[in-house]
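In: turn this into a structure:
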Amino acid sequence: MKIRNSALAGIALAATAALGLTACGGTTPAATGSASADAKVSGEITVYNAQHESMTKAWVEEFTKETGVKVILRQGKDTEMSNQIIQEGDKSPADVFITENSPAMTQVENAGLFADLTDEVKKQVPAEYRPSTNKWTGVAARSTVFVYNKEKLTEDKLPKSLSDLAGPEWKGRWGASPSGADFQAIVSAYLELKGEAETEKWLTAMKENFKGYQGNGAVMKAVNAGEIEGGVIYHYYYFGDQAKTGENSKNVASHYFKNQDPGAFVSVSGGGVLKSSKNKAAADAFLAFITGKKGQEQLQTGKDFEYTVGAGVASNDKLVPLAELQAPTVDSSKLNSKKVTELMTKAGLL
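Out: As a prediction, this is how the structure comes out:
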């Protein structure tokens with residue numbers, strides 16, 4: 001089945017390893033609930049993590065508390081870690097790989113390195129948040145939004161579609177962070193929905209129109225300061241800042257494109273167990289835990305403001321419900337990060 005997007009200093013409790021990579025994140029407290037797996041597991045697993053570090057740390061701590069399994073957490077970025085896993089092949093020390101965006105999961109899947117999902121995980125996560133191959137699963141989700149400066153743009157002047165930003169009237173008025181995996185996942189969806197020719201045309205126009213920043217947070221800050229009128233980012237940057245001081249979002253509002261537009265794309269954060277895992281039972285149990293009631297409740301009540309996708313647990317009530325986003329249907333197994341990189345490089349965006 002296809003993913004319907006309506007409906008990537010390690011830590012360990014007893015060991016440490018590091019890749020020297022970083023990723024964005026927040027602070028997530030543990031939540032109450034029951035563990036997802038009754039099976040007895042033991043030993044140690046290594047998780048390559050490109051998700052928000054604080055969220056995964058919370059998952060790790062609670063999983064170890066409930067099962068006794070020690071977890072070595074190696075932190076990095078989506079594509080860097082997927083490339084490392086592929087380079088390591090069946091000798092990879094990773095038992096589990098978690099990402100912020102799904103293209104890196106597809107990259108590892110296409111290399112034939114993931115094991116099949118367990119029935120427990122498939123039961124907990126609806127099919128719309130899993131690729132039809134069932135080689136990995138969604139563990140969280142994030143929506144594409146157009147954040148805009150409320151003093152510079154009124155609702156009637158907002159772009160109706162992501163494609164509108166290619167028009168000459170938007171020259172110099174909007175921004176994005178093209179070098180990040182977040183934006184490249186959005187382009188991957190655009191490619192799947194619109195085709196190569198239209199995507200190349202849009203990227204070429206984007207090069208002429210947009211202002212580039214390093215990171216989604218920097219895009220939002222620029223919008224807030226009035227440097228640009230709007231920017232394409234993921235939803236949780238706004239909510240995360242609002243939950244703190246709001247100093248980087250006080251002049252900002254979020255516009256959801258809806259209408260199955262490419263700009264309404266919902267990116268699934270993935271999790272998968274490596275075929276080469278030396279402790280597959282514990283690795284499967286960890287993936288079942290984070291997609292189960294306890295793990296998803298930690299996501300719901302935490303401060304990362306990502307959408308829940310598993311165990312029937314509702315998302316944080318501050319978020320626009322997934323069902324109301326009118327996101328396009330995108331087959332995650334077809335999100336082609338290699339082709340996206342080629343097209344963005346050709347357009348001069350990378």
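In: element containing the residue nearest to Ala347 when sequence neighbours are not counted?
Out: Once flanking residues are discounted, Ala347 sits nearest to Leu203: 3.9 Å by CB to CB, 6 or more residues apart in numbering. Where you see a C-beta, it was placed from the backbone N, CA and C, and this is true even at glycine. Assigned by DSSP states H and E, Leu203 belongs to helix 196-209.
In: name the helices or strands packed onto that helix?
Out: Packing partners of helix 196-209 (3 or more CB pairs under 8 Å, 6 or more residues apart in numbering; DSSP states H and E): helix 181-194, helix 337-346.
In: between the two ends of stretch 251-262, what distance do you get?
Out: 25 Å (CA to CA, to the nearest Å).
In: rewinding a little: and the angle for the helix holding Leu203 with helix 181-194?
Out: 140 degrees (axes from the mean of the first three to the mean of the last three CA atoms, to 10 degrees).
In: so which bits of helix 196-209 are buried?
Out: Neighbour counts over helix 196-209 (16 or more other CB atoms under 10 Å) mark Thr199, Glu200, Trp202, Leu203, Thr204, Ala205, Met206, Lys207, Asn209 as buried.
In: so what's the gap between that helix and the chain middle?
Out: 23 Å (CA atoms, centre = their mean, to the nearest Å).
In: dump the C-alpha coordinates for it into CSV.
Out: C-alpha atoms of helix 196-209 as CSV (Å, rounded to 0.1, in the frame of the first residue of the first chain):
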residue,chain,number,x,y,z
GLU,A,196,10.9,15.1,-13.3
ALA,A,197,10.3,17.8,-16.0
GLU,A,198,8.0,19.9,-13.7
THR,A,199,10.2,19.4,-10.7
GLU,A,200,13.3,20.6,-12.7
LYS,A,201,11.3,23.6,-13.9
TRP,A,202,10.2,24.5,-10.4
LEU,A,203,13.7,24.1,-8.9
THR,A,204,15.2,26.3,-11.6
ALA,A,205,12.7,29.0,-10.8
MET,A,206,13.3,28.5,-7.1
LYS,A,207,16.9,29.3,-7.6
GLU,A,208,16.0,32.6,-9.1
ASN,A,209,13.3,33.5,-6.5
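In: who does whichever helix or strand comes after that helix touch, helix- and strand-wise?
Out: Next in sequence after helix 196-209, counting helices and strands by DSSP H and E, comes strand 210-212. The elements that strand 210-212 packs onto, with contact taken as 3+ CB pairs under 8 Å, 6+ apart, are strand 174-176.
In: pLDDT on the strand it packs on, on average?
Out: On average, the pLDDT along strand 174-176 is 98.
In: what's the helix holding Leu203 in contact with?
Out: By CB atoms under 8 Å, 6 or more residues apart in numbering, the residues outside helix 196-209 that reach it are 163, 165-168, 170-174, 176, 187, 190-191, 194, 339, 343-344, 346-349.
In: how about the strands of this protein, start to end?
Out: For the chain, applying DSSP state E gives strands covering 3-4, 44-49, 70-75, 96-98, 137-149, 174-176, 210-212, 230-234, 252-255, 266-273, 329-330.
In: turn those into CSV, including distance to Phe305.
Out: Converted to CSV, the strands of the chain look like this (distance: least, CB to CB, whole Å):
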stretch, distance to Phe305
strand 3-4, 21
strand 44-49, 18
strand 70-75, 20
strand 96-98, 18
strand 137-149, 9
strand 174-176, 20
strand 210-212, 25
strand 230-234, 10
strand 252-255, 12
strand 266-273, 13
strand 329-330, 22
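In: now for these, which one comes closest to Asp241?
Out: For Asp241, the closest of the strands of the chain is strand 252-255, at 8.2 Å, according to CB to CB.
In: what is the mean pLDDT for that closest one?
Out: Here strand 252-255 scores 98 as its mean pLDDT.
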